[in-house]
Structure formats: C-alpha cells, structure tokens
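K.L.:
Curious how this folds, go ahead:
(one chain, ligands or ions: 2)
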Amino acid sequence: MFVEIALVIPLRQVFDYQWPAGWNGPKLGQRVLVPFRRQKKCGLIVGVKEKSEFDSVRQVLALLDEHPIINKELLELTRWVAEYYFCGWGEVLQAALPGGLGVHLQSEYLWGLSRPDQNSDLPEKFSGLLEKERWTDQDWKELKPSAVDEELRQSWLDSGFLKVQRHLVQQRAKIKTERWVRLKNSPSDKLGKSSRKKTKRQRLLEILLERDLVHWLSLRDEIKAPASLLKQLVEEQVVETFEERVFRRFLPQGLPVSTGFQRLSEDQQNVWTLIEQSLDSKTYKAFLLHGVTGSGKTEVYLHAVRKCLELEKTALVLVPEISLTPQLVNRFRERFGDLVAVLHSGMDDGERFDEWSRIQLGQAKIAIGARSAIFAPLQNLGLVVIDEEHDQSYKQGESPRYQGRDVAVYRAFQEKTTVILGSATPSIESWQNSKTGKYHLLELPSRALTGAKLPEVELLDLRQQPRQSGCYFFTKELVEALRICLQKKEQAILFLNRRGYAPVVQCPECENTINCDACSLSLVYHQSSEKLCCHQCDHNQTFPKICPNCGTRTAMRLVGTGTEQIEQDLRVVFPDARLLRMDRDTLHGKHALSEMQQKIQSHEVDIVIGTQLVTKGHDFPNVTLVGVLLADLGLNLPDFRSAERTFQLLTQVAGRAGRGEKPGRVLIQTNNPHHHSLLTAQLQDYTSFVNQELPLRERFRQPPFMSLASVLCISRDEHRAKDLALSLRQNLRSNAQGQVICQGPAEAPIRRINHRFRWQVLIKASSAGLIRKIFEKSLLGPEPLICSREENIILDIDPQHLM
Ligand code: ADP
Ligand code: ZN
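P.N.:
Ligands and ions are numbered 1, 2, ... in the order given. Below you'll find the predicted structure:
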C-alpha cells in the first residue's frame, strides 16, 4: 500500500511513500515521519492508494499520531487553498494547524514503573534526572555524559527502566493536566478532634474526608504539604491520584455577566428574516451586510449565532486581528458563555492549542478569530460570519498568500452553510459580487441606538486653513474643536497613519535623506528611543551627528510628522489633557490593547492619538470628536486600491465619533479636498463612492473586472532580478495566446527590501485559474527561469498590495 504525503516545502506536489507491511491501515490526516532527500521530515497523509506510478518509492519511517489531527473537510479546504493560491499543500497545513506540523523531532525520556536504584553505583550527577517525571536530550547533554554514561542510558532503555517518546519540537504545546487527590481506603490514623497540634498528614486526611476530591496544588499550598507525603500515602494505598486535562485560557477566568438579546429594530428585523430563512434551509447562501458604523450588525450576527446553536450547529466568526478585543469578544461571551473559543495571534502556543482543542472536542461551538481561524476544526458548521470583510488583514502577506475572506466563503460553500460578510465600507470586489447576484445584498442604513446619528464631517483644506502657531500640523479649527471637546469633558480620537516622530531625516547642506542600508526606504526618526528605524526590516541606528553623505557636522532636518510628534505638540497646547498614544510602539504585551481600551472606556484619557489601531471596532459613547491629521498619506500610493483604502479608513475612523447619545464631529485635514475618496467619505456615502470608483476600475481593467496576480522577481543582484522578470514576461507572452494581459516588468514601488531587489510583473486574465495555468507553463519555458539560492519568483494571486 502507498500513501501520499504533503510536506512543508514550497513545492506544489505530494510525495508517494510505501506503507510498511504489518502496520495498521493509514488514515488521512495522520502525521508521519519520512525520509526526504538526505533528511527526515514530518508530513501529513493526504492520500492512500494501492499503486504508485513511481518505481523506487521509499518507506514511511514512523507514524506520529494515533488519530488524524485534521478532519476530511479541512483537508479538502487546505487542498483547495494550495491549489488556488499556487503553493504547497504542506505549507497550507502548516499554517492551518496550531503549532504547525512540526519539523524537528525531539526525544523525551520517561521513567518506567520503577527507577534505577539511587543507592547502587549510579553516579551522583543523575540524581536530578531521577527526580524528574520526564526529561529531554537537552537535559541529558547538560550533564556532559561520558561514553560509559551513554551505555548506561542505553541499558536503562533496554531493560525498560526508561521509555522514550519522540515529539515534534515545533509542536511545543502539549496537553496540560492537573493532579487531583481522593481517598481510596479509610486511613487507620486517629484523627480525633482533641489533638491540638495536628500533623500535616492528619490535616491532609481530614481535608480529604471532608471534600471527596481535592486539587493537589491547592492542597499542597494550603497545608504546605510536601510531595513526599502524598507519595507515601499513595504507596500505603490510602489515597489515589489522577490527572485531569485543563485548558489554558487567554481570556480572563470567569464569564462576563450574561445579557439578553436586543429587540431588533425594523431595519435589523428585515435583514434578519432573510438570514433566518437561509439558516433554516441549511444550504449555501452568501449575504453582504452593508450597514453604516453602529448600525447594529454585530447584534444581527449574535442573533444568527443563537439560531445556529438552536439548529445544533456550530459557527465561525472572523474579525480583523485588531478588532479582536475583549470588547467584542465579551459581547459574544455575555450571550453564549464558554461556548465561545477565541483564536488570535497574541495567544501563546499553549493557549492557542487548548482553544483549538476545545473546538475540536466540541466543548466550544463558536470560534471567533482572526484570519487563520478559517481553519478552526468546527464540526457540523452552520454559519460563517466575516466582520469588516473589506479589511486588508484578511490577506496573508507571506506564503501561503491566501485571502481569508475568500477562503471563508469557500468553506461556507463547501459545507453548505450561510455566510454573512459585514461592513460599513464593503470591498469593491464584494460589492460587485452583490451586483452580479453572487452575494445577496442587505442594508442597514442608520445607526441602531435611538438618538445616535452619523457624525458631521468637515474637510479642512490644509493649503488654505490657518495653522496653529507652533504646531504646524494642526489647523486652528482642529485645535479649537479639541478645546471645546475637552471643556465639555468629552473625549477625542486623533488619527495619523504613521508612527514615529518624523518619517524623513535630511541633511540641510546636501539635502540627502538618510535611508535604510538594506531597503530603499527612508529611515523614520523615533524620539522615544532616539533612533532611526526602518519600518520595513526593523533595522535601527543612532541619530547621526554628521551627515553620512557629505560629512558636514550639522543638525539634521526632520521632515513630516508621526504620532510621536503629534503627541508632543498636543502636550504643549493642552498641558492638562490626559493623552494616550496608541500605535505599535506603545503596545507592549498581549493584553495591551485591552488595557488601553479600558482606560478610554473609564475616561482616564481625554485624547487618544493613534495609527490604524484607533480606526476599528471601538465603541466608546463619550468620544464625540475625531480628527484626521493628514488624510492623504495613503492616497497617492502607486496602487489601484489607494482611493478605496482611503475612503474606507476615513469612513471607519469617522464612525468612532458620536456613537452614544451625544452627537459626533469629525474634522479631516487634507491637501486633496476635491478627491472623490474624501468627498464621499465626508458624506459617508458608500454608494456614491463605488459608483465613481467602479467605472474607473472597469476602464483600467482592474479587479473586480479582471483577475489579477502579481509576480515578484527577487534577487540580491539588481540585474538578475530584472532579467528574471524580463524572461518571465517573455515566457508569459509566448504562452498566453492572447488570454492574459502582462504589465511590466517594472521596479516594484519598494525596489529593495532586506538587500534584495524586486522587479514586478502584473498578470491579468478573466480568471485566476487561467493565470495559474499560464504562469505554470511559463516557469518551464521557452526561456529558462532558473533561480539560484537567495533568488525567488513569488506569485501572489489576488494581491492586496502592489508595493
Ligand atoms: P455595528 O456592529 O454595526 O457597528 P453594533 O452592533 O455594535 O453595530 O451596534 C451599535 C450600538 O447599537 C451598540 O451599542 C448596540 O448595543 C446597539 N444596538 C444594536 N442593535 C440594537 C437594538 N436592536 N436595540 C438597541 N440597541 C441596539
Ligand atoms: Zn530596511
């Protein structure tokens, strides 16, 4: 018998191996160890067959799992992802499983029923090992074992004193257990009340007589009992112990107070009727829920999840990483308690593994998570929700470069469920899908809370408006609005999509700017660390006193602004205001975001200054003013989505204002007040935006009218990068037969990252399938495309960024 194995390598093929005779039959989804070239590798069984078309097929070395670690539906889903995004199946599996597949093997040693006798001739240095339940090769090596010691260990293994288990190092997370104790036989001890000074043994037995089951660690702490006492009681057969699995939790212990479901408004009810019908029908149907910020989309999701549970099905809720905050998670936990499991990247391996296990074991029926949660092992799926479906973070920036939103829709299709894509600013792709009938459009045109209205938005033309003296980046109008807001004891959010102090450092003599050595980007000055940092590769260096270009000793000029500078300026204008800066530099630790939110919620801060982190998901009723310092930052990027992104970002951040009863005000400072992104964001008029944007996309043959892929040819050698791209274009043209459009090659907008030059070719066609077909052919010929080490040709299907 033969098995097909997916390995974690960037090759789009699976490999045949022979299944050893006499082994139990292989199951799809089990991990195995196989020889690959001159190494051993871990892979997953993805196929079983009687015959292999290859002659010399090697044998599987070891089976690593008793049971499959992934179910058939997810195997199929990962296969589809690998095929669509043109990457290795093993790579997708690696991304889909918590802790991945694991690559290295590590041996772990456990003592058998008895241990070697310490009193015999056992060298002293092993006493530490004797006390350990289990130890690794690492522990062993630290003892600097001699050849004789090695023999000794081997004899332990041979005689069964010692057992060895092999683990995959990458899959570090293991099942965690805790020890419990209970009485087995009544003790013969006298436990009379009279004795005033009880021994530890007596107290321990008393406690066990009172409560039948006791958690060992708490008991140990309670009476300071040593482990030896427990061991002795076990040996006397007075007590017995057992291990029980516990689940590590990222969320705070204990549940929030449960709350009831809101009565749906009329608009919500109209939307809900259709969703409910679809859930009942148990077939695939996709809804695009377009609802303005604060229109009660989340309440609709909550209703849908409740219905889904009533139908005895499970639900998957995807949200962008940064909206995955306790605020949102609690709304689900208030209604559904511990049926909710959360998956996100801030969790450590153990927490993620355990939340994943709770889903797999069926203890949790609702998985809420960021992108990679599309692979959550939910059985009997009944609903998929994709909140903020337009969000860029759904697309993975490295291989496998999948678009989580689209994979989630595919999963819903595959498992015949309802899927809801929600947003106040849907992606143009999804909007077009609702026009062509692929998605069913649902609208929530106004805010849900009675009295809450969409805020007033004003555009402030930076070219004309007077500036605040001493604070070049603030108009007088914005400062005045802040003053009023503070006077009224309300809160404000200021948004600037750039962290650091100043994005450009320039020599006043030669006008040269200081760039990263490794990347073609200017270094950003960070005041808090007094360093210049590259935002692409994280390189940093000290602030120069001498211009590295012309050698003049001079004070460098700082050009432009970032959140640090804005914070500093504000301290001057409003010395009494309590400020909070929220960007990647101030987020320390996995609970930082929620702690910051807590501060805003409880009005410990008056003004929040931040990057994209402040634009999403937050719902603070006392925030009545939103200021955008420079709306144009993303507008002139060489990317066809720049208008769309700017519109979305501005509309979302505007949506943070006036969510409670107090009305909100939004001031947007810009140099492009006549751009359609800004004008429509001002009116918060999505339809008007798409009606202007769609014809542009059609005219320039951009998505959603064409499928797009970007190919990057990367090399340390600039000429090689260019030559690869030229050959690729040549090959594409000769294979295309007029079916694809090729653009380029051209230098990528960021021409160098990490010392590697990047040339880009764009491919457009009527479908992604066609692009893949022709790309695959073009890799083979007619001009040879041979990458040496450190060179790369990267295909990105449906790219989110063209930088
Ligand atoms: P969205 O997800 O569209 O931003 P939310 O679901 O967060 O909107 O709702 C915005 C606010 O309106 C929340 O405070 C929510 O509790 C409230 N809300 C939503 N639906 C209702 C309803 N049917 N009745 C009363 N309040 C509601
Ligand atoms: Zn760099």
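K.L.:
Give me the phi and psi for residue 452.
P.N.:
phi -80, psi 130 (degrees, to the nearest 10).
K.L.:
Check whether it really touches residue 294, as I assumed.
P.N.:
Yes - contact status for residue 452 versus residue 294: in contact at 6.1 Å, counting by Cβ atoms under 8 Å. Every residue, glycine included, has its C-beta placed from N, CA and C.
K.L.:
Looking at those two, which is more packed in?
P.N.:
Neighbour totals were compared for residue 452 and residue 294, and residue 294 leads with 24 against 19 (other Cβ atoms under 10 Å).
K.L.:
pLDDT score for the closest residue to that one other than its chain neighbours?
P.N.:
Sequence neighbours aside, residue 447 is the residue nearest to residue 294 in space, at 4.4 Å (criterion: Cβ to Cβ, 6 or more residues apart in numbering). Looking at residue 447, its pLDDT reads 84.
K.L.:
Residue 447: how many residues sit nearby?
P.N.:
If we define neighbours as other Cβ under 10 Å, then residue 447 has 21 of them.
K.L.:
can you check residue 270 too?
P.N.:
With other Cβ under 10 Å as criterion, residue 270 counts 13.
K.L.:
mind checking the SS state of the closest residue to residue 726 other than its chain neighbours?
P.N.:
In this structure, residue 726 finds its nearest non-sequential neighbour in residue 745, 5.9 Å apart by Cβ to Cβ, 6+ apart. Of the three states, residue 745 takes strand according to DSSP: H, G, I helix; E, B strand; the rest coil.
K.L.:
so what's residue 745 up against?
P.N.:
713, 722, 725-726, 728-729, 759-761 (Cβ atoms under 8 Å, 6 or more residues apart in numbering).
K.L.:
hmm, 7 Å instead?
P.N.:
If you count contacts by Cβ atoms under 7 Å, 6 or more residues apart in numbering, residue 745 has them with 722, 725-726, 729, 759-761.
K.L.:
Which two among those residues are spaced furthest apart?
P.N.:
Greatest spatial distance among the contacts of residue 745 (Cβ to Cβ): 726 and 760, at 11.9 Å.
K.L.:
Look at the two and report which has more neighbours.
P.N.:
Using other Cβ under 10 Å, the more surrounded residue of residue 726 and residue 760 is residue 760, with 24 against 16.
K.L.:
which non-adjacent residue is nearest the more buried one?
P.N.:
Per Cβ to Cβ, 6+ apart, closest to residue 760 is residue 748, 4.4 Å.
K.L.:
Residue 251 now?
P.N.:
Nearest residue to residue 251, sequence neighbours excluded (Cβ to Cβ, 6+ apart): residue 342, at 6.3 Å.
K.L.:
How about residue 638?
P.N.:
Take residue 638 and drop its neighbours on the chain: the residue closest to it by Cβ to Cβ, 6+ apart is residue 749, 4.9 Å away.
K.L.:
Note down every partner strand of the host helix or strand of the one you found and its orientation.
P.N.:
Using DSSP states H and E, residue 749 falls within strand 741-753. Counting by DSSP bridges, the strands paired with strand 741-753 are strand 756-765 (antiparallel).
K.L.:
which residues sit against the strand it pairs with?
P.N.:
Here strand 756-765 makes contact (Cβ under 7 Å, 6+ apart) with 701, 706-716, 718, 721-722, 725, 728-729, 732, 739-748, 750-752, 771, 775.
K.L.:
Put the buried members of those into a ChimeraX selection.
P.N.:
To isolate the buried members of these in ChimeraX, using 16 or more other Cβ atoms under 10 Å:
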select :706,707,708,709,710,711,712,713,714,715,721,722,725,728,729,732,740,742,744,745,747,748,751,752,771,775
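K.L.:
Which ones among the contacts of strand 756-765 also lie next to ligand 1?
P.N.:
Among these, no residue lies close to ligand 1 (Cβ under 6 Å from any ligand atom).
K.L.:
Which per-residue confidence value corresponds to the residue nearest to residue 726?
P.N.:
pLDDT at residue 745 comes out at 92.
K.L.:
just to revisit the earlier point, could you check the distance from the residue nearest to residue 251 over to ligand 1?
P.N.:
18 Å (Cβ to the nearest ligand atom, to the nearest Å).
K.L.:
Which pLDDT does the model give that residue?
P.N.:
92.
K.L.:
distance between the strand or helix carrying it and the chain's centre?
P.N.:
Assigned by DSSP H and E, residue 342 falls within strand 340-343. From the chain centre to the centre of strand 340-343 is a distance of 13 Å (Cα atoms, centre = their mean, to the nearest Å).
K.L.:
With stretch 792-802 instead?
P.N.:
Centroid separation for stretch 792-802 versus its chain: 19 Å, with Cα atoms, centre = their mean.
K.L.:
neighbouring contacts of stretch 608-621?
P.N.:
320, 322-323, 325, 327-328, 388, 491, 493-499, 563, 566-567, 570, 579-583, 597, 600-601, 649, 652-653, 656, 659-660.
K.L.:
hang on, the earlier thing: quick check: neighbours shared by residue 452 and residue 294?
P.N.:
Residues touching both residue 452 and residue 294 (Cβ under 7 Å, 6+ apart): residue 659.
K.L.:
Contact residues of the protein facing ligand 2?
P.N.:
516, 518-519, 534, 536-537, 539 (Cβ under 5 Å from the ion).
K.L.:
JSON lines please, covering those and showing neighbour count and distance to ligand 1.
P.N.:
Formatted as JSON lines, these follow (neighbours: other Cβ atoms under 10 Å; distance: Cβ to the nearest ligand atom, whole Å):
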{"residue": "516", "neighbour count": "24", "distance to ligand 1": "39"}
{"residue": "518", "neighbour count": "16", "distance to ligand 1": "41"}
{"residue": "519", "neighbour count": "20", "distance to ligand 1": "37"}
{"residue": "534", "neighbour count": "20", "distance to ligand 1": "36"}
{"residue": "536", "neighbour count": "16", "distance to ligand 1": "33"}
{"residue": "537", "neighbour count": "15", "distance to ligand 1": "36"}
{"residue": "539", "neighbour count": "17", "distance to ligand 1": "39"}
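K.L.:
ok, back up a step: from residue 648, how far off is the residue nearest to residue 294?
P.N.:
Distance, residue 447 to residue 648, using Cβ to Cβ, to the nearest Å: 18 Å.
K.L.:
Next: residue 506.
P.N.:
Noted for residue 506: a distance of 32 Å to residue 648, by Cβ to Cβ.
K.L.:
same deal with residue 557?
P.N.:
According to Cβ to Cβ, residue 557 stands 34 Å off from residue 648.
K.L.:
Over to residue 57?
P.N.:
Going from residue 57 to residue 648 by Cβ to Cβ gives 52 Å.
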